[in-house]
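Novice: with the input below, show me the fold.
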Amino acid sequence: MSVRHCKRGALFAGASIAVAALLPSAPALAQDASPFRPERFDEDWSDVGDGDAPYGAQFKNMAVTDGVTLSVGGDARWRFSVLDAPRLGLAGVEDDEWLLQRLLLHADLRFNDNARIFVQLGAHDGIGREIPAATDDNSADVQQAFFDIYAHAFGGRLTLRTGRQELSLGPRFTTTRDSGNVRQRHDLVRLIYTHGPWRADLFGGNPVVDERGAFDDDADVGQDFYGARIERTLGATVLDVYAYELDRDTATLGGVTENDDRVSVGARLSGRKGALDFDSELMIQRGAFGADDIRALGGTIDIGWRFADAPLAPRVGGRFTYGSGDADLGDDTQGTFAPPFPNSQWFGQNGLASFSNTVETAALMALTPAEHVTVNLKLSSVWRSETADFAYAGNTALAGTSGGDDAFVGRAAAISLAWRPNDNVLINPYLSYVAVGDDLLSRGAHDVTYTHLSVTLRF
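Specialist: Modelled structure (predicted):
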């Protein structure tokens, strides 16, 4: 059977799951009340009542034997995208369209409050993309497989987690990269301590290489990732402080490939006070990029105000994002900010921006025209923080964009809709337009239109 026929078979199987999930089920729960979580191993179904349970609750906390329970769940996502100028038209491809499919199935076996085994299998297909991403394709493989041991110590709860696992340490700089098809995972040893409003994480291991064959993914011995994070909850406010180190045998910045040993130290303060919500973070980076010293920094400030009693309950906000660039590509200092595992959707779902060498200002608005429907609008402007450095799309430096006197990259407008007809289904259409600046137009760049339709299912 050909690869194309195999992929069509996988799509047919996925579509069958979609039909089942869209059948009538319980009404959507409020998002905060939903037992579903982005990291499925964080879910707690113990307090979900029969009357308001979403589809899938019947497969959770099933008794295996005395003190042993099994929970089973799954995820499916399809996203069809159209982009008329990949990498701002500087990649030699006029337009691109593609379909991404992600299928995940997990089992969570718990032994009282003493231990558990969590296993998640995944199959990923990227179909039709002219410039494929490294995370588009991965045949059936182990997405996660870890073992937890629990203990009570120092007045709190201690968890020792070993094995393959996803690691989400905030919404921006160290994430699962959910916007890609294959989520980021690591082969790690992780120690988690919780006590009242305190939480501490200590971890070390290797990111996983996404090979395209079946059950052939392995730890990347060319990368080491370890660190520590402390979190303190203060009412409706949360403070995180952390230090991470990511050592890579090969990394490319500004078209140069070198060994990159990078330490990231930072803090995040987020929360809400009445109608006001805020989220700010600062990360400072030191280390060595080849023979160069790393001196980089990045940060964000995101503030919004919710008018809960107004029509459409709007949230109006503003955002400032900064990532340093390299002021002199020929000296012995590397100044380009490169967070460990960044969320590229922070700037938009078109993948055309990066935290590296970036200054972005944005006006944001969220509207609620109907129950379980949210519309998000964003208007933004982007500059290079250093004109000597490149403009970046993801972790790719765009050829021909360094130098010159004009730092302006362009302006963008985006609109997206999130509709959750029930707690198992999310439908997300998205549209954005980027008008690049005159300097980049003179270098061969083009204005860009991007759109996608994403359907996500879970049980």
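Novice: got a list of what Gly222 touches?
Specialist: By CB atoms under 8 Å, 6 or more residues apart in numbering, the contact set of Gly222 is Arg248, Asp249, Thr250. Bear in mind the C-beta positions are built from the backbone N, C-alpha and C, glycine included.
Novice: element containing the residue lying closest to Asn428 once chain neighbours are set aside, please.
Specialist: Leaving aside its sequence neighbours, Asn428 sits nearest to Ser454 (CB to CB, 6 or more residues apart in numbering; 4.3 Å). Element membership for Ser454, per DSSP states H and E: strand 448-458.
Novice: what's that strand packed up against?
Specialist: Contact here means 3 or more CB pairs under 8 Å, 6 or more residues apart in numbering; DSSP states H and E; on that basis strand 448-458 packs against helix 3-21, strand 68-83, strand 425-436.
Novice: mind listing what's buried in it?
Specialist: For strand 448-458, the neighbour count (16 or more other CB atoms under 10 Å) marks Val448, Tyr450, Thr451, His452, Ser454, Val455, Thr456, Leu457, Arg458 as buried.
Novice: and that strand, which strands flank it?
Specialist: Using DSSP bridges, strand 448-458 pairs in its sheet with strand 68-83 (antiparallel), strand 425-436 (antiparallel).
Novice: hmm, who's touching it?
Specialist: Contacts of strand 448-458 (CB under 8 Å, 6+ apart): 17-18, 21-22, 36, 56, 73-85, 88-89, 349-350, 352, 424-434, 436.
Novice: how close does the residue in the chain sticking out farthest from the centre get to Asp217?
Specialist: Distance from the C-alpha centroid of the chain, by CA atoms, centre = their mean, peaks at Asp66 (38.1 Å). According to CB to CB, to the nearest Å, Asp66 stands 36 Å off from Asp217.
Novice: now swap in Asn422 and tell me
Specialist: Using CB to CB, Asn422 is found at 33 Å from Asp217.
Novice: these two: which is more packed in?
Specialist: A count of neighbours by other CB atoms under 10 Å puts Asp217 above the other of Asn422 and Asp217, at 22 against 18.
Novice: now do the more buried one against Ile192, distance only.
Specialist: Distance from Asp217 to Ile192, by CB to CB: 24 Å.
Novice: quote the end-to-end distance of stretch 119-135.
Specialist: Start-to-end span of stretch 119-135 (CA to CA, to the nearest Å) is 20 Å.
Novice: scratch that, stretch 168-183
Specialist: End to end - CA to CA - stretch 168-183 spans 11 Å.
Novice: that older thread, how far does the strand holding Ser454 sit from the chain's center?
Specialist: Counting by CA atoms, centre = their mean, to the nearest Å, strand 448-458 is centred 15 Å from the centre of its parent chain.
Novice: cool, stretch 280-298 as well?
Specialist: Relative to its chain's centre, stretch 280-298 lies at 21 Å (CA atoms, centre = their mean).
Novice: what's that stretch in contact with?
Specialist: If you take CB under 8 Å, 6+ apart as the criterion, stretch 280-298 is touched by 170, 172-173, 245, 251, 253, 256, 258-270, 299-302, 321-324, 331-339, 355.
Novice: which strand or helix spans the residue nearest to the spatial centre of the chain?
Specialist: In the chain, the C-alpha nearest the mean C-alpha coordinate belongs to Arg177, at 3.1 Å (CA atoms, centre = their mean). Using DSSP H and E, Arg177 sits in no helix or strand.
Novice: disregarding residues adjacent in the polypeptide, which is nearest to it?
Specialist: Here the residue nearest Arg177, using CB to CB, 6+ apart, is Gln184, at 4.4 Å.
Novice: what is the neighbour count of the one you found?
Specialist: 19.
Novice: and the pLDDT for it?
Specialist: Predicted confidence (pLDDT) at Gln184: the value is 96.
Novice: that one contacts Phe341, doesn't it?
Specialist: Yes. The pair Gln184 / Phe341 is scored as a contact, 5.2 Å apart, by CB atoms under 8 Å.
Novice: Arg319: which element?
Specialist: strand 315-323.
Novice: please work out which residues outside the very next helix or strand once past that strand touch it.
Specialist: Counting by DSSP H and E, the next helix or strand C-terminal to strand 315-323 is strand 333-334. Strand 333-334 has contacts (CB under 8 Å, 6+ apart) with Leu253, Phe289, Gly290, Asp292, Asp293, Ile294, Arg295, Ala296, Asp326, Ala327.
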